[in-house]
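# Fold the following and give me the result.
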Amino acid sequence: MTRRPLGTSLLALGLLAALAAGAVWALRPAPVEVEAAEVTRGPLVRTVLAEGITRVRAPWTVSAPIAGTLGRPPVEEGDTVLAGQTVVATLRPAEPPLLDARSRAAADAMVAEARAAVELAGVRLAQADEALGYADAQLARIRTLAERGTATQTQLEAALRDAASAARNQQAARSELELATASLTRAEVQLRPPGADRDAESCCLSLKAPLSGIVLSLAETQDRLVAAGTPILTIGDLADMQIEAEVLSTDAVRIRPGAAARIEGWGGETVLEARVARVDPAGRTVVSALGIEEQRVTVTLDLLTPPDGRPGLGDRFRVFARITLWQADEALQAPLAALFRDGAGWAAYRIAGDRAERVAVTPGRMTDDAAEITAGLAEGDRLIVYPPDTVADGVAVTVRPLP
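Sure thing, here's the model as predicted:
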């Protein structure tokens, strides 16, 4: 039996060991490539985004105080007006209607009747004048005879009574003539054509602006007959505006008056500041674009940014309001994409060296992309976000570099 040299045997054993180690290395699973994010501490804010419109806080609608013909407005939308100085509308009496044939015939008959009544009252007044003259003359004769003693006291008293009665009859006849003359004038007025009694200056009522501001809208732009109470135009102050936003009732219960809000998407380059002024106590059913019935609630926001910080923003403009539901200044937080349900609780994969370590996590309040951590993690921990199914406790991982 031939023996191999000792060195050759050791070399063979080394080669076999190297081959075995290479096989083990080649067959071991490759590390799972993952994305990672750190647990940080900082402000955490929960907001709700709602669509809304701007609204002048106290607009004033100018209405017609009486019925009449409204003239063309002396102001236009966007004009600046001063309280008690700027004329914003003019009203003149309504024109009388045109008479049809039957109505005109009746009006002519009324005029003829009134003229006859005037003539009759004139005749009665003349008779009363003659009677009064006769009574005065008779009184004068009786008084002379009474002074001479040839007329009795009874005759004198009768003459005085007749003279006083004649004077009253004359006054009644004169009043009757005045009444008939006024009736004739009234009847003749009915025959005047439209526009015959118009006085360009004294007939019109000028309405002045009740407050200083901007003309927001004109309800009437042409001459037309209006009834009392008809809206004419609206005036408001663009420096004092609010925002009405529509939110779901499930979000409205978490909004409190005084909460901060940020106004976005209004057309300007900056974000406007606002504050919740009121949450309506009643909601209403609204059908969404997808045909789903939703309960919506109106939230009123006070716009805090001064007018020079929101140039061009006017009344009834569309905006988007991001309303704060709650806010924490120094919260330990982790990406919501790193947490997953673990039975009745929550868990996450923490990167420990080059291995994934499964840890139980207790989250607090959550936003759309982050969660407040109350237990289970510490600041600076690196977590696997969107962990794939190939990740498990103890699995080797490698962090994919961010693009």
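
# so residue 373 makes contact with residue 366?
No. Residue 373 is beyond contact range of residue 366, at 10.5 Å (criterion: C-beta atoms under 8 Å). In short, each C-beta sits where N, CA and C put it, glycine included.

# Next up, identify which helix or strand residue 329 is on.
strand 318-335 (DSSP states H and E).

# Repeat that for residue 110.
Element membership for residue 110, per DSSP H and E: helix 101-148.

# Report the buried residues of the very next helix or strand once past that helix.
Downstream of helix 101-148, the first helix or strand assigned by DSSP H and E is helix 153-189. Within helix 153-189, the residues scored as buried using 16 or more other C-beta atoms under 10 Å are 155-156, 159, 162-163, 166, 169-170, 173, 176-177, 180-181, 183-184, 187.

# Assign residue 65 to helix, strand or coil.
coil (DSSP: H, G, I helix; E, B strand; the rest coil).

# Looking at residue 373 and residue 366, which has the bigger crowd around it?
residue 373 (24 against 14; other C-beta atoms under 10 Å).

# what sits against that one?
39, 332, 333, 334, 361, 362, 363, 364 (C-beta atoms under 8 Å, 6 or more residues apart in numbering).

# and what of residue 159?
Neighbours of residue 159 in contact, by C-beta under 8 Å, 6+ apart: 135, 138, 139, 142, 143.

# what about residue 81, neighbour count?
21.

# before we move on, what about the one 4 residues further on?
The local packing of residue 85 (other C-beta under 10 Å) involves 9 other residues.

# how near is it to residue 269?
For residue 85, the distance to residue 269 (C-beta to C-beta, to the nearest Å) stands at 37 Å.

# rewinding a little: pick out whichever of the buried residues of helix 153-189 sits closest to residue 103.
Residue 103 lies nearest to residue 187 out of the buried residues of helix 153-189, by C-beta to C-beta, at 12.6 Å.

# give the contact list for the closest one.
107, 110, 111, 113, 114.

# And these, which is closest to residue 248?
residue 107 (67.3 Å).

# and the gap between that closest one and residue 101?
11 Å.

# Equivalent analysis for residue 275, please.
70 Å.

# Which one of these two is surrounded by more residues?
For residue 275 versus residue 101, neighbours defined as other C-beta under 10 Å are more numerous around residue 275 (15 against 7).

# Ramachandran coordinates for the more buried one?
phi -140, psi 140 (degrees, to the nearest 10).

# Residue 391 now?
According to degrees, to the nearest 10, residue 391 has phi -90, psi 130.

# Show me the beta-bridge partners of residue 236.
residue 214 (DSSP bridges).

# Correct me if wrong: it contacts residue 59.
Yes. With contact defined as C-beta under 8 Å, residue 236 counts as touching residue 59 (4.1 Å).

# Touching both of those two, which residues are there?
216, 315.

# which of these two has more neighbours?
Counted by other C-beta under 10 Å, residue 236 and residue 59 do not tie: residue 236 has more neighbours, with 22 against 15.

# where does the chain dip in pLDDT?
1-29, 194-203, 402-403 (pLDDT under 70).

# Got the domain ranges for it?
Annotated domains of the chain cover 32-44+330-399, 48-56+242-324, 60-95+211-224+231-236, 101-189 [automatic domain parsing].

# end-to-end on the first one?
The first and last residues of domain 32-44+330-399 sit 8 Å apart, counting by C-alpha to C-alpha, to the nearest Å.

# repeat for the shortest one
Distance between the boundary residues of domain 60-95+211-224+231-236 (C-alpha to C-alpha) amounts to 6 Å.

# Go ahead and measure how far that domain is from the middle of the chain.
19 Å (C-alpha atoms, centre = their mean, to the nearest Å).

# mind listing the strands for the stretch 251-400 of the chain?
Secondary structure of the stretch 251-400 of the chain, counting by DSSP state E, counting those that start in this stretch: strands at 260-264, 272-279, 284-287, 293-303, 318-335, 339-342, 345-352, 355-366, 370-375, 382-385, 397-399.

# And for the fourth one, what's in contact with it?
I take that to be strand 293-303. Contacts for strand 293-303 (C-beta under 8 Å, 6+ apart): 50, 52, 54, 241-249, 252, 255, 261, 263, 272-280, 282-288, 310, 321, 323.

# From the centroid of this protein, which residue is nearest?
Closest residue to the average C-alpha location of the chain: residue 55 at 4.4 Å, with C-alpha atoms, centre = their mean.

# Which of the helices or strands spans that residue?
Residue 55 belongs to strand 40-56, assigned by DSSP H and E.

# Pull that strand out as CSV, backbone CA atoms only.
Taking Å, rounded to 0.1, in the frame of the first residue of the first chain, the C-alpha atoms of strand 40-56 are listed here in CSV:
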residue,chain,number,x,y,z
THR,A,40,-38.4,61.4,14.3
ARG,A,41,-39.7,63.9,16.8
GLY,A,42,-41.5,67.1,15.7
PRO,A,43,-44.8,68.8,15.0
LEU,A,44,-47.7,66.6,13.9
VAL,A,45,-50.9,68.1,12.5
ARG,A,46,-54.1,66.5,11.5
THR,A,47,-56.1,68.5,9.0
VAL,A,48,-59.2,68.2,6.8
LEU,A,49,-59.3,69.7,3.3
ALA,A,50,-62.6,71.3,2.3
GLU,A,51,-63.8,73.3,-0.7
GLY,A,52,-65.3,76.7,0.1
ILE,A,53,-66.2,80.1,-1.2
THR,A,54,-65.4,83.6,0.0
ARG,A,55,-68.2,85.8,1.4
VAL,A,56,-68.3,89.4,2.5
